[in-house]
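J.: Here you go, sequence then predicted model.
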Amino acid sequence: MEYKDQYQQPQTPKYECLLFDLDDTLYPPSSGLSEQCSEIIKEYMVQKLGIEESKVPEMNRVLYQNYGTTLAGLKAIGYNFDNDDFHSFLHGRLPYDKLKPDHVLRTLLLSLPIRKVIFSNAEEVHVAKGLSKLGLEDCFDQIICFETLNPNNDNTVNDNIIEVPSQSDAHDSGLPKSPIVCKPFENAFEEAFKKANINPQRTLFFDDSIRNIQTGKLMGLDTVLVGSSHRANGVDYALESIHNIREALPMLWEVKEESGSIGYQEKMGIETPVEA
């Protein structure tokens, strides 16, 4: 029995993949990008689709709430436009200069001895620009984005434009299905798992959206809500900031590579509040 420890098999790490959202997760909402994005979408709805300006704010809220993205909602209710044109209009106007290199986050991500994947509803160009501005472009092994989830870039829509009900009536209105695959819906997660060869039982998912987090939990992922300390239903860990990852989840570094016995247990103390 005295030789028992000598022949123990190395412990299998709990996680083999870390799945990260980009917007308002790898950078804070205080950057203003998401708020600006919403305003530009409203401009597109008025200028490109001819929607009455007074109707746009409520319509945008209802579509986002029911379809995950405004683009998915507009396609569902019958608006015919090119997806690339929408993305070009939107992200061609975003103030990316508000994003600054995040050296602390870069160090954290590169020190993690686990595969890292981006999972975003945004298109490839936006993800690439965002990661580049943050200085994180080489920190991830794979990117799952709009083109990954919608490989045919299908522009098929309904024959007729459907009037959008009010916010209070929308959930019971039987709105049509969208041709666009996106979070927070289960088919988006299924596609991400397939395309990135992800085992949800051994994956930790980071996102700022409670809807995305709750769907992820239903799909078998362990979850980290970023931007809040409130652990709601479906939330395994809650971080005020992505910078809190080391304090909240130290086990991600507690891995030793059998070859060379390389350890990842050094401390990087970052004094920011965290609840986990």
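T.: Structure received.

J.: all strands in the stretch 101-250 of the chain, in order from the N-terminus.
T.: Using DSSP state E, counting those that start in this stretch, the strands assigned to the stretch 101-250 of the chain run over residues 115-119, 142-144, 203-207, 222-226, 237-239.

J.: May I see these arranged in a markdown table, with mean neighbour count and mean pLDDT as well?
T.: C-betas here are computed from N, CA, C, even on glycine. Compiled in a markdown table, the strands of the stretch 101-250 of the chain are given as follows (neighbours: other Cβ atoms under 10 Å; pLDDT from 0 to 100):
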| stretch | mean neighbour count | mean pLDDT |
| --- | --- | --- |
| strand 115-119 | 22 | 98 |
| strand 142-144 | 20 | 98 |
| strand 203-207 | 25 | 98 |
| strand 222-226 | 24 | 98 |
| strand 237-239 | 22 | 97 |
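
J.: Which of those strands sits closest to Cys37?
T.: Between Cys37 and the strands of the stretch 101-250 of the chain, the tightest spacing by Cβ to Cβ is seen for strand 203-207, at 16.4 Å.

J.: okay, the angle between the closest one and strand 115-119?
T.: If you take axes from the mean of the first three to the mean of the last three Cα atoms, to 10 degrees, strand 203-207 sits at 40 degrees to strand 115-119.

J.: roughly how far is strand 203-207 from the heart of the chain?
T.: Its chain's C-alpha centre lies 9 Å from the corresponding centre of strand 203-207 when counted by Cα atoms, centre = their mean, to the nearest Å.

J.: who touches it?
T.: 15-21, 25, 119, 183, 213, 216, 221-226, 242, 249, 252 (Cβ atoms under 8 Å, 6 or more residues apart in numbering).

J.: Just the buried subset of the residues you listed, please.
T.: Buried members of those, scored by 16 or more other Cβ atoms under 10 Å, are 15, 17-21, 25, 119, 183, 213, 216, 221-226, 242, 249, 252.

J.: separation between Tyr237 and Gln65?
T.: Using Cβ to Cβ, to the nearest Å, Tyr237 is found at 26 Å from Gln65.

J.: Could I get the CA-only coordinates of the biggest helix by length in the chain as PDB?
T.: As assigned by DSSP state H, the longest helix anywhere in the chain is helix 33-47. Only the C-alpha atoms of helix 33-47 are listed here, as PDB (Å, rounded to 0.1, in the frame of the first residue of the first chain):
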ATOM      1  CA  LEU A  33     -19.900  49.700 -28.300                       C
ATOM      2  CA  SER A  34     -23.100  47.700 -27.700                       C
ATOM      3  CA  GLU A  35     -25.100  50.800 -27.100                       C
ATOM      4  CA  GLN A  36     -23.800  52.300 -30.300                       C
ATOM      5  CA  CYS A  37     -24.500  49.100 -32.100                       C
ATOM      6  CA  SER A  38     -28.200  49.300 -31.100                       C
ATOM      7  CA  GLU A  39     -28.400  52.900 -32.400                       C
ATOM      8  CA  ILE A  40     -26.800  51.900 -35.800                       C
ATOM      9  CA  ILE A  41     -29.200  49.100 -36.200                       C
ATOM     10  CA  LYS A  42     -32.100  51.500 -35.700                       C
ATOM     11  CA  GLU A  43     -30.600  53.700 -38.400                       C
ATOM     12  CA  TYR A  44     -30.400  50.700 -40.800                       C
ATOM     13  CA  MET A  45     -34.100  49.900 -40.100                       C
ATOM     14  CA  VAL A  46     -35.100  53.500 -41.100                       C
ATOM     15  CA  GLN A  47     -32.600  54.200 -43.900                       C
END
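
J.: what residues does it touch?
T.: Counting by Cβ under 8 Å, 6+ apart, 23-24, 27, 29, 51-53, 56-57, 59-60, 70, 74, 86, 89-90, 93-96, 98-99 sit against helix 33-47.
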